[in-house]
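>>> I would like to see how this sequence folds:
(one chain, ligands or ions: 3)
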Amino acid sequence: MSPWIPMTEHAERRRRLMELMAEDSIAILPAAPECTRNRDVLFPFRQDSDFQYLTGFGEPEAVVVLIPGREHGESVLFCRERNPEKELWDGSIVGPEGAIEQYGMDDAFPISDIDDILPGMIEGRSRVYYPLGRDQSFDKRVMDWIKAIRAKVRAGAQPPGEFVALEHLLHDLRLYKSANEIKVMARAGQISAQAHCNAMKRARRGGYEYQLEAELIRTFMEHGARNVAYPSIVGAGANGCILHYIDNSDPLKEGDLVLIDAGCEVDCYASDITRTFPVSGTFSEPQRALYEVVLEAQYAAIDAVRPGNHWNMPHEAAVEVLTQGLIDLGLIQGTLADALEKEAYRPFYMHRTGHWLGMDVHDVGDYKVGDAWRELEPGMVMTVEPGLYVAPDNMDVDPRWRGIGIRIEDDVAVTKDGCRVLTDGVPKTVAEIEALMAEQ
Ligand code: GLY
Ligand code: MN
Ligand code: MN
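Numbers count the residues shown, from 1 in each chain. Ligands and ions are numbered 1, 2, ... in the order given. Predicted coordinates:
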């Protein structure tokens, strides 16, 4: 069972999705497949986010089917049958009866019967909502069910005429977080903030990047967050300039900054924090100068997160502060207007200032409506993560800047009158970081 999201909320999500669906339609969504790690060892199972959103049901080998107006129940789950022998080895199975009693499904069947039952449910529905192209082998099964219906047209069977991507409707619902979702995301943010604090303190003892990763994972687990939302990035020195660095295998050197981008997952909700700090506990002058620019850019971007502003405004605010900072420090030349026009910041800032955050770290939801950037509305959650990265081989800048990589990232929920930072439990000013690292 989902500890943070009550069964009634999953039911409400299904109801809202069905309200958006055409009357004579059907939605079909499979659970995530189990994935092999090596030989007979599987990766720990993580449910598909869409499936989890609609059901809270955490098992593989399941398919949820929504059939608006169906007399015998609109929400149908196909799932594994209970099996005492198998459960002795692998743990409990909910089973079709449990799916109804514990998960609020209207109707449930053994997954082994799906080929016999589902074509009959599709038959007569003119439109099928389905995430086409996500899982090739399941795509083929869906097509086989359609073929089975087509084979019976002379007996009066009516195959559906239209396939529509389920994501259009579902991902728009997922973009707006409920009070319960904000609560669980705030908890994930709080645990991740604690983990970053612990990693900062651990860095004073030196060692290797992976030892800071160990401290992050230890803190996540200590607080009941058993999974990371994505592989932790722990980059010391110039590794901080590699945006997706996950080797985490190099030594921490006195004088280096460490960039940590790490967040835990709680009940399938992600957090995503980046902090950058000195191994020694004290920023050097060039490190501090660049850091202050990134921090000011982050404050400006967070300030732009409020209802009525559009998606790109935090990014525009960050880019303006970063560009001015780069001019002031002599890393780029010219006037602000000129440098912005030429996007002169790009060699030092090559990513966007954030993304939607939710059950997936790069969460679903459109960033534009038609040609226009989407307006921010209460309940949307996003990251704000400006950075500056001076490549170690950038010969156009003074040597003292080379190999410095800095990013500062927080998770921010849009509220009625502004925003709420969900990850403020970890310091980010130079003074606060140095004070925390000086603690014993
Ligand atoms: N951790 C991935 C990101 O910040 O987008
Ligand atoms: Mn991020
Ligand atoms: Mn991140």
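
>>> okay, the closest residue to residue 287 other than its chain neighbours: pLDDT?
For residue 287, ignoring the flanking residues on the chain, the nearest one in space by C-beta to C-beta, 6 or more residues apart in numbering is residue 257 at 5.6 Å. In this view, the C-beta of every residue, glycine as well, is placed from N, C-alpha and C. Residue 257 is assigned 98 on the pLDDT scale.

>>> and the one 5 residues further on, by the same measure?
Looking at residue 262, its pLDDT is 99.

>>> helix/strand/coil for the nearest residue to residue 400 once chain neighbours are set aside?
Among residues not flanking residue 400 along the chain, residue 286 sits closest, at 4.6 Å (C-beta to C-beta, 6+ apart). Three-state assignment for residue 286 (DSSP: H, G, I helix; E, B strand; the rest coil): helix.

>>> cool, and the one 4 residues further on?
Here residue 290 is helix, with the state taken from three-state DSSP.

>>> tell me how far the residue nearest to residue 400 lies from residue 331.
For residue 286, the distance to residue 331 (C-beta to C-beta, to the nearest Å) stands at 10 Å.

>>> with residue 162 instead?
Distance from residue 162 to residue 331, by C-beta to C-beta: 54 Å.

>>> how about the residues of the stretch 51-200 of the chain near ligand 2?
Contacts of the stretch 51-200 of the chain with ligand 2, taken as C-beta under 5 Å from the ion, are absent.

>>> residue of the stretch 51-200 of the chain closest to ligand 1, please.
In the stretch 51-200 of the chain, the residue that lies nearest ligand 1 is residue 192 (10.9 Å; C-beta to the nearest ligand atom).

>>> ok, now which ones touch that residue?
Listed by C-beta atoms under 8 Å, 6 or more residues apart in numbering, the contact set of residue 192 reads 220, 225, 262, 263, 264, 271, 272, 273, 423, 426.

>>> of those, closest to residue 370?
Each of these was scored against residue 370 by C-beta to C-beta, and residue 272 proved nearest at 28.1 Å.

>>> what residues does the stretch 201-350 of the chain put near ligand 3?
Residues of the stretch 201-350 of the chain lying near ligand 3 by C-beta under 5 Å from the ion: 261, 272.

>>> who in the stretch 201-350 of the chain is up against ligand 2?
Contacts of the stretch 201-350 of the chain with ligand 2, taken as C-beta under 5 Å from the ion, map to residue 272.

>>> please enumerate the helices of the stretch 201-350 of the chain.
Using DSSP state H, counting those that start in this stretch, the helices of the stretch 201-350 of the chain run over residues 209-222, 285-303, 313-328, 336-341.

>>> in the longest one, what counts as buried?
Using 16 or more other C-beta atoms under 10 Å as the test for burial, helix 285-303 gives 286-287, 289-302.

>>> ditto for the shortest one
Residues of helix 336-341 classed as buried by neighbour count (16+ other C-beta under 10 Å): 339, 340.

>>> quickly run through the sheet partners of the next helix or strand after it, with directions.
Later in the chain than helix 336-341, the nearest helix or strand by DSSP states H and E is strand 368-369. Paired neighbours of strand 368-369 in the sheet (DSSP bridges): strand 372-373 (antiparallel).

>>> tell me the mean pLDDT for the strand it pairs with?
On average, strand 372-373 scores 98.

>>> can you work out which other helices and strands pack against the helix or strand just after it?
Sequence order places strand 381-384 as the next helix or strand after strand 372-373, per DSSP H and E. Judged by 3 or more C-beta pairs under 8 Å, 6 or more residues apart in numbering; DSSP states H and E, strand 381-384 is in contact with helix 285-303, helix 313-328, strand 410-415.

>>> does ligand 2 sit close to strand 381-384?
Yes. Counting by C-beta under 5 Å from the ion, ligand 2 is contacted by strand 381-384 at residue 383.

>>> what sits up against that strand?
Contacts for strand 381-384 (C-beta under 8 Å, 6+ apart): 177, 182, 185, 272, 298, 301-302, 305, 314, 318, 353-358, 363, 409-414, 422.

>>> and the very next helix or strand once past that strand, how far out from the chain's middle?
Downstream of strand 381-384, the next assigned helix or strand under DSSP H and E is strand 387-389. How far strand 387-389 lies from its chain's middle: 22 Å, per C-alpha atoms, centre = their mean, to the nearest Å.

>>> ok, stretch 243-260 next?
So, by C-alpha atoms, centre = their mean, the centroid of stretch 243-260 is 23 Å from its chain's centroid.

>>> quick revisit: you'd agree the residue of the stretch 51-200 of the chain closest to ligand 1 is in a helix?
Yes. Residue 192 sits within a helix when classified using three-state DSSP.

>>> OK, contacts around residue 318?
297, 298, 300, 301, 353, 384, 386.

>>> now do the end-to-end distance for stretch 356-376.
With C-alpha to C-alpha, to the nearest Å applied, stretch 356-376 spans 11 Å between its terminal residues.

>>> check which residues of that stretch are buried.
Buried-residue list, stretch 356-376, by 16+ other C-beta under 10 Å: 356, 357, 358, 359, 360, 361, 363, 364, 365, 374, 376.

>>> contacts for that stretch, please.
Applying C-beta under 8 Å, 6+ apart, the external contacts of stretch 356-376 come out as 49, 52-53, 167, 170-172, 174-175, 177, 181, 185, 229-230, 263, 268-272, 305-313, 355, 380-383, 411, 414.

>>> look at residue 178 and report its pLDDT.
98.

>>> residues near it, how many?
Using other C-beta atoms under 10 Å, residue 178 has 13 neighbouring residues.

>>> name the element the residue lying closest to it once chain neighbours are set aside belongs to?
Distances taken as C-beta to C-beta, 6+ apart put residue 9 closest to residue 178, at 6.6 Å, once the chain neighbours are dropped. Per DSSP H and E: residue 9 is located in helix 7-20.

>>> quick check: mean pLDDT of that helix?
Rounded mean pLDDT across helix 7-20 is 98.

>>> equivalent analysis for stretch 108-127, please.
97.

>>> how long is it end to end?
By C-alpha to C-alpha, one end of stretch 108-127 lies 22 Å from the other end.

>>> swap in stretch 227-246?
Termini of stretch 227-246 sit 16 Å apart (C-alpha to C-alpha).

>>> got the buried residues for it?
So, applying 16+ other C-beta under 10 Å, buried residues of stretch 227-246: 227-230, 232-241, 245.

>>> and the two most separated of the residues you listed?
Greatest spatial distance among the buried residues of stretch 227-246 (C-beta to C-beta): 227 and 238, at 29.5 Å.

>>> quick one: stretch 410-418 to chain centroid distance?
Counting by C-alpha atoms, centre = their mean, stretch 410-418 comes out at 17 Å from the chain centroid.
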